[in-house]
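K.L.:
Model the following, please.
(2 chains)
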Amino acid sequence: MSIATPRGDFRSAQAVAADVREGRTTARGEIEAALARAQGDRFNAYTAVFAERALAQAEAIDADLAAGRPAGPLAGVPFAVKNLFDVAGETTIAGSLIRRDAPPAAHDATAVQRLTAAGAVLVGALNMDEFAYGFVTENAHDGPTRNPHDPTRIAGGSSGGSAAAVAGGLTPLTLGSDTNGSIRIPASLCGVFGLKPTLGRLSRQGAFPFVESLDHIGPFARSVADLALAYDLMQGPDPLDPLCRRPAEPAAPRLQAIADGSLRVGVLGGWFAQGAFPEVLEALEIVADALQARRGVELPGAELARAAAFCLTPIEAAHLHGPNLKSRPLDYDPAVRDRLLAGALTPDAVAEAARRYRPIFRDATRRVFEDFDVLLAPASVCPAPGIGQATMEMDGQQVSVRKNLGAYTQPISYIGLPVVAAPVNRPGKPPIGVQIIAPAWREDLALAAALRLEQAGVVAAHRPPRLAPEAA
Amino acid sequence: MATDPALAAFLALDDAAVAAYADARAEALGLTLPPETRAGVIDNLALLRRQATTFAASLGDTAPPEAFEP
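P.N.:
Here you go, the predicted structure:
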């Protein structure tokens, strides 16, 4: 087993952990290779590499293993985080110019602490849309992240670096955040798995906020098992995040039993079928067939929910950015700045109305889930657009790429439901993902449906064409 | 039908009135709109207004605010 070729490494996180644990490689060797891949990153996924910290932890893990001490289920596995997560001693830039002179973080974010405690080794920070406001990761300060499947195309956003690093063979596990679709869309466009858990399930402490009412964090990985393990390791209450109060409910041990049982699956129609590119609907049909899903399920009010999320986002975010919008507006990425300024000018009563619509849509969705365990929908309206592409055609009209990529994700995050973004296995074709949506707090159902699909070969992480097969 | 006066006034704008509304709001908030931002801000504000009309119209007076739980 080679640790990696210079072109990349497409092993799962748990395969890396097994290689280290069983002595085929060492943590130091794995981390040196991951650092080399980060430094040779051709996708502009990384914005910082933490070599000293990573090598010190790797040596400690090797010492623990040599002495027979437990080193954690992810011992020696490299991971990286969207650059809005606090990393002790590093400045949390959140994709911005404005925060480059902020003081370094005093502590790791809770999610980083929990993965580190499980033996995973943080190797770097990853590119994103400024302040997580976008679906494209064409960052004005750090440049665009390139899609590993076609470097002329975007990786999606706002966690574009997180998806590209996993898809491009740079690291098997990353963290991102999702406020309106920022895990699900890049996972879909890059052909990897992503999990947006229930709102409040994973601690957001130490993740630079965007829209506190809607912010989630979650993992990206190359397999459902890795996604579930990382999710389980990050679960549990955190007194530093008032939303994160629920006891840990490990999903991984239960997935196979759920996957082998009966699942009632529906495919969302209506809003979730409008404007989708034909290949997106074809991919969704493949998944729907495999799960024997009932078609054309209506989620009443989805279009209004999308509109409410669309309005709530800049108004709430503008409050966080008020002082900087007044004193240094031209230091923002123009694509973000104009939307934040518009949010600042919009009456707070609009945000209040958007919050009041939330329980109405949640209750309507709960009624739909009385007949289903999971619901399917496209993750994005199209495969990855080109870098710099401003518009695309939807239903015969030219529309903004930036404003429409999240059409199918925003209604779901608006009410905080858990979703697995799963890459449909379409060899030789651009990656397309589906959303597997579960009722609140039932991440296990979405993960189990994804596992069933993965075991049937219907969904799979896509290996980019330039990654050498022998690196698997 | 929005009963909050600020919400009702915002929803009642037409797109042609959004620019003047933006200037007045910016002045009231002490916010300067640099020239290179103005067109983009007005476009975005008009879009927010159009979107807001959709869900605000469905609320009525019976939907109280709540501490949201998924």
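K.L.:
low-confidence ranges in the stretch 351-472 of chain A?
P.N.:
Residues of the stretch 351-472 of chain A meeting the criterion pLDDT under 70: A:468-472.
K.L.:
Helix, strand, or coil at the spatially closest residue to A:Val81 that is not a sequence neighbour?
P.N.:
Ranked by Cβ to Cβ, 6 or more residues apart in numbering or on different chains and with sequence neighbours excluded, the top spatial neighbour of A:Val81 is A:Leu175, at 4.4 Å. The way it works is simple: take the backbone N, C-alpha and C, and place the C-beta from them, glycine included. With DSSP: H, G, I helix; E, B strand; the rest coil as the basis, A:Leu175 sits in strand.
K.L.:
Give the bridge partners for A:Leu175, please.
P.N.:
Bridge pairing for A:Leu175 (DSSP bridges) gives the partners A:Val81, A:Pro219.
K.L.:
what's the spacing between it and chain B?
P.N.:
A:Leu175 sits 21 Å away from chain B, going by Cβ to the nearest Cβ, to the nearest Å.
K.L.:
which residues does that residue contact?
P.N.:
Neighbouring residues of A:Leu175 by Cβ atoms under 8 Å, 6 or more residues apart in numbering or on different chains: A:79-82, A:85, A:111-112, A:115, A:162, A:217-220.
K.L.:
just those now: which is nearest A:Ile432?
P.N.:
A:Phe220 (16.2 Å; Cβ to Cβ).
K.L.:
burial count for the closest one?
P.N.:
Using other Cβ atoms under 10 Å in any protein chain shown, A:Phe220 has 34 neighbouring residues.
K.L.:
residues touching it, list them.
P.N.:
A:159, A:162-163, A:165-166, A:173-176, A:183, A:186-187, A:192-194, A:227.
K.L.:
what about stretch A:403-412, start to end distance?
P.N.:
16 Å (Cα to Cα, to the nearest Å).
K.L.:
Any chance you could list what contacts that stretch?
P.N.:
A:135-136, A:156, A:178, A:180-181, A:184-185, A:271-272, A:274-276, A:299, A:302-303, A:305-306, A:309-310, A:361, A:377-382, A:385, A:392, A:394, A:419, A:435, A:437, B:47.
K.L.:
which of the residues you listed are buried?
P.N.:
A:135-136, A:156, A:178, A:180-181, A:184-185, A:271-272, A:275-276, A:299, A:302-303, A:305-306, A:309-310, A:361, A:377-382, A:385, A:392, A:394, A:419, A:435, A:437, B:47 (16 or more other Cβ atoms under 10 Å in any protein chain shown).
K.L.:
Which of those residues fall in helices?
P.N.:
A:184-185, A:302-303, A:305-306, A:309-310, A:361, B:47 (DSSP state H).
K.L.:
possible to save these as CSV with distance to A:Pro151?
P.N.:
What follows is these, written out as CSV (distance: Cβ to Cβ, whole Å):
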residue, distance to A:Pro151
A:Arg184, 22
A:Ile185, 18
A:Ala302, 34
A:Glu303, 35
A:Ala305, 35
A:Arg306, 31
A:Ala309, 31
A:Phe310, 30
A:Phe361, 39
B:Leu47, 31
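K.L.:
Number of residues surrounding residue 67?
P.N.:
Reading this off chain A. 8.
K.L.:
To clarify, I was referring to chain B.
P.N.:
So B:Ala67, with other Cβ under 10 Å, has 6 neighbours.
K.L.:
Show me which positions of stretch A:230-244 end up buried.
P.N.:
Buried-residue list, stretch A:230-244, by 16+ other Cβ under 10 Å: A:230-236, A:238, A:241, A:243-244.
K.L.:
next one: stretch A:135-151
P.N.:
Buried-residue list, stretch A:135-151, by 16+ other Cβ under 10 Å: A:135-142, A:144-151.
K.L.:
tell me the two of those that are most distant?
P.N.:
The most distant members of those, if one measures by Cβ to Cβ, are A:His141 and A:His149, lying 24.8 Å apart.
K.L.:
Find the residue ranges of chain B scoring beneath the pLDDT cut-off.
P.N.:
Those would be B:1-2, B:61-64, if you go by pLDDT under 70 across chain B.
K.L.:
Which parts of it are helices?
P.N.:
According to DSSP H, the helices that chain B contains are B:5-11, B:18-29, B:35-56.
K.L.:
Just give me how far the first one sits from the chain centre.
P.N.:
For helix B:5-11, the distance between its averaged C-alpha position and the chain's averaged C-alpha position is 7 Å (Cα atoms, centre = their mean, to the nearest Å).
K.L.:
Do it and chain A come into contact?
P.N.:
Yes - legend: contact between helix B:5-11 and chain A by Cβ under 8 Å from any Cβ of the partner chain is shown at B:6-7, B:9-10.
K.L.:
residues making contact with that helix?
P.N.:
With contact meaning Cβ under 8 Å, 6+ apart, helix B:5-11 is reached by A:346-350, A:352-353, B:1-2, B:21, B:49, B:52-53, B:56.
K.L.:
in it, what's buried?
P.N.:
Residues of helix B:5-11 classed as buried: B:7, B:10-11 (neighbour count, 16+ other Cβ under 10 Å).
K.L.:
and what of the longest one?
P.N.:
Neighbour counts using 16+ other Cβ under 10 Å place B:37-38, B:40-49, B:51-56 of helix B:35-56 among the buried residues.
K.L.:
angle of it against helix B:18-29?
P.N.:
100 degrees (axes from the mean of the first three to the mean of the last three Cα atoms, to 10 degrees).
K.L.:
helices or strands next to helix B:35-56 in the packing?
P.N.:
Applying 3 or more Cβ pairs under 8 Å, 6 or more residues apart in numbering or on different chains; DSSP states H and E, one finds that helix B:35-56 makes contact with helix A:302-327, helix A:334-345, helix A:348-369, helix B:5-11, helix B:18-29.
K.L.:
Off-centre distance for the second one?
P.N.:
What separates the centre of helix A:334-345 from the centre of its chain is 24 Å, taken as Cα atoms, centre = their mean.
K.L.:
what mean pLDDT would you report for that helix?
P.N.:
Mean pLDDT, helix A:334-345: 97.
K.L.:
which other helices and strands contact that helix?
P.N.:
helix A:302-327, helix B:18-29, helix B:35-56.
K.L.:
The ones you listed into TSV, with extra columns for distance to A:Pro103?
P.N.:
Output for the helices and strands packed on helix A:334-345, formatted as TSV (distance: least, Cβ to Cβ, whole Å):
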stretch	distance to A:Pro103
helix A:302-327	16
helix B:18-29	29
helix B:35-56	29
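K.L.:
Compare those and report which one is nearest to A:Asp444.
P.N.:
helix A:302-327 (24.2 Å).
K.L.:
now the angle from that closest one to helix B:35-56?
P.N.:
Going by the same axes, to 10 degrees, helix A:302-327 makes 150 degrees with helix B:35-56.
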